[in-house]
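Engineer: Can you look at this prediction? I've put the sequence above it.
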Amino acid sequence: ASFEIVGVEHSVTAVEAARRRWCGPPAGPRCEFLCEDINDLGKLGLGRFDLLLSLATLHSPSIGDPRGLLRMAVREHLEPSGAVLLGYPNCRWVDGVLVYGARARHHPGEAEKSVLLKEIDYCKRYLQRHRFRVTVTGKYNFLVAATRIDRKGSNAV
């Protein structure tokens, strides 16, 4: 089966590595990796896709409006029968440093997840309102997987 990969990343070295890995032999997938600011996604004219995949992106401090970016991506770039997979590492930014499993001040033995869970809950509720079946799994990395539901309640084809 043939497929196409389109990636958007701001890091030149990450784009180069993705091109080396995925844009190899002619029998492989068609691919395009753009070195762009994800905040400008709506201006890139990328079209629509069967799967929107965002791993460790929406929680990044460089994202101006993560909720708006999610809404725009689903509305403008996802095929009507498409699916969404969002990945959120259990981490947060503290003084410009990414800290995994950041600790709560009053519960030093537990990881602080309130900000992370608030964002995941928003994504889940948004997708459910737009007729997606949503599953959230994970411990160190949380995955939000969403597939469209047709009017009869089964997954859309």
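Structural biologist: Received it, and whenever you're ready, just let me know what you need.
Engineer: burial of residue 84, as a residue count?
Structural biologist: 22 (other Cβ atoms under 10 Å). Just so you know, the C-beta spots here come from the backbone N, C-alpha and C atoms, and that holds for glycine as well.
Engineer: residues in contact with it?
Structural biologist: Residues in contact with residue 84, defined by Cβ atoms under 8 Å, 6 or more residues apart in numbering, are 51, 52, 74, 78, 127, 132, 144, 145, 146.
Engineer: Helices of the protein, residue ranges please.
Structural biologist: For the chain, the helices defined by DSSP state H cover 12-22, 66-77, 114-129.
Engineer: Now restrict the contacts of residue 84 to buried residues only.
Structural biologist: By neighbour count, with 16 or more other Cβ atoms under 10 Å, those hold 52, 74, 78, 127, 132, 144, 145, 146 as buried.
Engineer: Compute the distance between the residue nearest the centre of the chain and residue 132, please.
Structural biologist: Closest residue to the average C-alpha location of the chain: residue 54 at 2.0 Å, with Cα atoms, centre = their mean. Using Cβ to Cβ, to the nearest Å, we find residue 54 at a distance of 15 Å from residue 132.
Engineer: what stretches of this protein score poorly on pLDDT?
Structural biologist: 1, 25-28, 92-93, 98, 100-113, 151-157 (pLDDT under 70).
Engineer: those strands in the chain, which residues are they?
Structural biologist: Using DSSP state E, the strands of the chain run over residues 4-9, 30-35, 49-55, 78-89, 91-94, 97-100, 132-138, 141-148.
Engineer: Flag every buried residue along the fourth one.
Structural biologist: Just to be clear, that refers to strand 78-89. For strand 78-89, the neighbour count (16+ other Cβ under 10 Å) marks 78, 82, 83, 84, 86, 87, 88, 89 as buried.
Engineer: and the two most separated of these?
Structural biologist: 82 and 89 (23.8 Å; Cβ to Cβ).
Engineer: The nearest residue to residue 10 once chain neighbours are set aside and residue 64, how far apart?
Structural biologist: The shortest distance from residue 10 to any residue other than its chain neighbours is 5.6 Å, reached at residue 37 (Cβ to Cβ, 6 or more residues apart in numbering). Distance of residue 37 to residue 64, given as Cβ to Cβ: 9 Å.
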